[in-house]
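here is the input, now give the coordinates:
(one chain, ligands or ions: 1)
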Amino acid sequence: MSLSQPGFGARLAEAYRAYGQLCVGIDPHPGLLTAWGLNDDAAGLREFGRRIITAAAGRAAAVKPQVAFFESCGLGGMAALADIIAEAKQAGLLVIADAKRGDIGSTMAAYAEAWLNPQNDFGADALTVSPYLGFGSLAPAVEAAQRYRGGLFVLALTSNPEGQQVQLARREQEVAPGASSASTVAGHIASQVQQINTARPAPDGAAVGETAVGETALGDIGLVVGATTAPLASSSGIDLTAGRPALLAPGYGAQGATAAQLRSGFGSAWPQVLVNSSRAILEQGPEVADLIRAIEASQAELR
Ligand SMILES: O=c1ccn([C@@H]2O[C@H](COP(=O)(O)O)[C@@H](O)[C@H]2O)c(=O)[nH]1
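Below you'll find the predicted structure:
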């Protein structure tokens with residue numbers, strides 16, 4: 001990666017234009033590996049990833065390796081992940097490392113180096129991060145994203161129903177001296193992301209989020225909003241269009257959300273959405289031709 005390349009939001013917007021709004025998950029569940037005739041070891045994970053990359057390259061905007069499945073295979077699994085990230089980038093796919101990292105700021109800086117520095121083994125285009133140690137704890141990751149022209153997807157309204165206990169909880173905020181109003185935790189996260197995308201200066205003087213591509217400029221700092229939970233956003237007072245964050249939407253397919261639900265759930269924010277599909281596509285493997293058919297069928301539904 002060249003540090004003179006456009007920011008993540010601009011690269012993602014360009015990928016939408018070229019390939020549509022689908023992200024193919026690389027989730028090597030043990031059961032899927034068995035169904036594909038592969039072992040749950042480094043060689044099996046590598047082959048699994050390579051077939052998905054071959055099918056997705058030139059047909060999808062991005063791939064999203066689910067880091068947990070590689071971690072669970074130990075050192076060999078992580079070595080396979082490093083190879084898969086490098087090969088996907090080489091194939092022209094944007095890579096979102098789904099590691100959901102979150103810690104106190106000083107530790108967060110190390111996570112961000114590991115996952116966003118293109119010189120490192122796991123250097124991806126973007127990383128999923130958790131703001132639940134406080135949004136401010138993510139500041140070193142935001143700085144790393146700016147430094148490396150990378151992106152973040154901050155968990156806001158996740159696709160699992162249990163997430164709502166925390167994410168839709170109301171918090172008091174002071175709107176003027178002595179006056180307060182209640183907003184949801186997810187709404188607070190979305191507004192913090194908006195502020196970064198619209199106000200924070202990037203190192204070269206350009207503002208993050210000002211990397212406009214056509215009509216679909218996207219902020220470099222995005223949000224995770226489930227395909228299953230997006231309809232809750234507007235009723236919870238969350239403006240997903242503010243600051244035009246990229247919106248990573250898992251939940252399509254295996255978790256039950258349909259293309260029609262995605263479009264109506266996201267409404268005017270739909271052009272910002274990157275739809276993830278993992279099992280619904282992977283279950284059509286192991287043949288690359290069948291994976292391609294599944295990717296093209298999803299693309300057709302989403303168009
Ligand atoms: O809110 C979230 C955040 C992340 N995920 C991840 O996305 C995929 C979904 O896989 P499917 O097989 O398409 O259901 C998986 O890696 C999750 O860990 C999510 O589902 N929801």
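
and stretch 217-235, end to end?
Start-to-end span of stretch 217-235 (CA to CA, to the nearest Å) is 25 Å.

in it, which residues are buried?
Residues of stretch 217-235 classed as buried by neighbour count (16 or more other CB atoms under 10 Å): 217-233. In this view, the C-beta of every residue, glycine as well, is placed from N, C-alpha and C.

in helices only, show me these.
Judged by DSSP state H, helices contain the following of the buried residues of stretch 217-235: P231, L232, A233.

isn't the last one up against T241?
The one in question is A233. No - counting by CB atoms under 8 Å, A233 does not reach T241; the two are 10.1 Å apart.

what's the overlap in contacts for those two?
The contact sets of A233 and T241 overlap at A269 (CB atoms under 8 Å, 6 or more residues apart in numbering).

format the ones in helices among the buried residues of stretch 217-235 as a markdown table; extra columns: distance to A280 and pLDDT.
Output for those, formatted as a markdown table (distance: CB to CB, whole Å; pLDDT from 0 to 100):
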| residue | distance to A280 | pLDDT |
| --- | --- | --- |
| P231 | 20 | 95 |
| L232 | 22 | 95 |
| A233 | 23 | 94 |
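
got the phi/psi numbers for Q194?
Backbone torsions of Q194, given as degrees, to the nearest 10, read phi -60, psi -50.

got the residues of this structure near the ligand?
25, 27, 66, 98, 158-160, 224, 226, 250, 253-255, 276-279 (CB under 6 Å from any ligand atom).

which among the residues you listed end up buried?
25, 27, 66, 98, 158-159, 224, 226, 250, 253-255, 276-278.

could you point out the longest helix in the chain?
The chain, longest helix under DSSP H: helix 74-90.

other residues contacting that helix?
In contact with helix 74-90 (CB under 8 Å, 6+ apart) are residues 1, 26, 41-43, 45-46, 49-50, 53, 56-57, 63, 65, 67, 69-71, 73, 95, 97, 121-125.

could you list which of those belong to helices?
Counting by DSSP H, these contribute A42, A43, L45, R46, G49, R50, I53, A56, V67, F69, F70, E71 to helices.

so where do the helices sit in the protein?
8-19, 30-35, 42-56, 67-71, 74-90, 105-116, 139-148, 164-167, 185-199, 231-235, 259-266, 279-282, 288-302.

which of those helices sits closest to P177?
Of all these, helix 185-199 sits nearest to P177, with 19.5 Å by CB to CB.

what packs against the closest one?
Judged by 3 or more CB pairs under 8 Å, 6 or more residues apart in numbering; DSSP states H and E, the packing partners of helix 185-199 are strand 151-157, helix 164-167, strand 170-176, strand 219-225, strand 245-249.

quick one, it and strand 245-249 angle?
Orientation check (axes from the mean of the first three to the mean of the last three CA atoms, to 10 degrees): helix 185-199 against strand 245-249 gives 140 degrees.

what's the mean pLDDT across helix 185-199?
In this model, helix 185-199 has an average pLDDT of 93.

any weak-confidence spans in this protein?
1-3, 174-176, 178-182, 200-216 (pLDDT under 70).

quick one on the thing from earlier: which among the contacts of helix 74-90 end up buried?
Restricting the contacts of helix 74-90 to buried positions leaves 26, 42, 45-46, 49-50, 53, 56-57, 63, 65, 67, 69-70, 73, 95, 97, 122-125, with burial counted as 16+ other CB under 10 Å.

list the contacts for A145?
F8, A112, L116, A126, G151, L152, V208, D220, I221.

my read: D40 touches G31, true?
No - with contact defined as CB under 8 Å, D40 does not count as touching G31 (9.7 Å).

who has more neighbours, these two?
Neighbour totals were compared for D40 and G31, and D40 leads with 18 against 11 (other CB atoms under 10 Å).

in contact with I53, which residues?
V63, I84, E87, A88, A91, L93.

now swap in A124 and tell me
A124 makes contact with I85, V95, I96, A97, W115, L116, G150 under the criterion CB under 8 Å, 6+ apart.

distance of the nearest residue to it once chain neighbours are set aside relative to D125?
Spatially, and ignoring its direct neighbours in sequence, A124 is nearest to A97 (3.9 Å; CB to CB, 6 or more residues apart in numbering). Distance, A97 to D125, by CB to CB, to the nearest Å: 8 Å.

so what's R149 closest to, chain neighbours aside?
Per CB to CB, 6+ apart, closest to R149 is G7, 5.1 Å.
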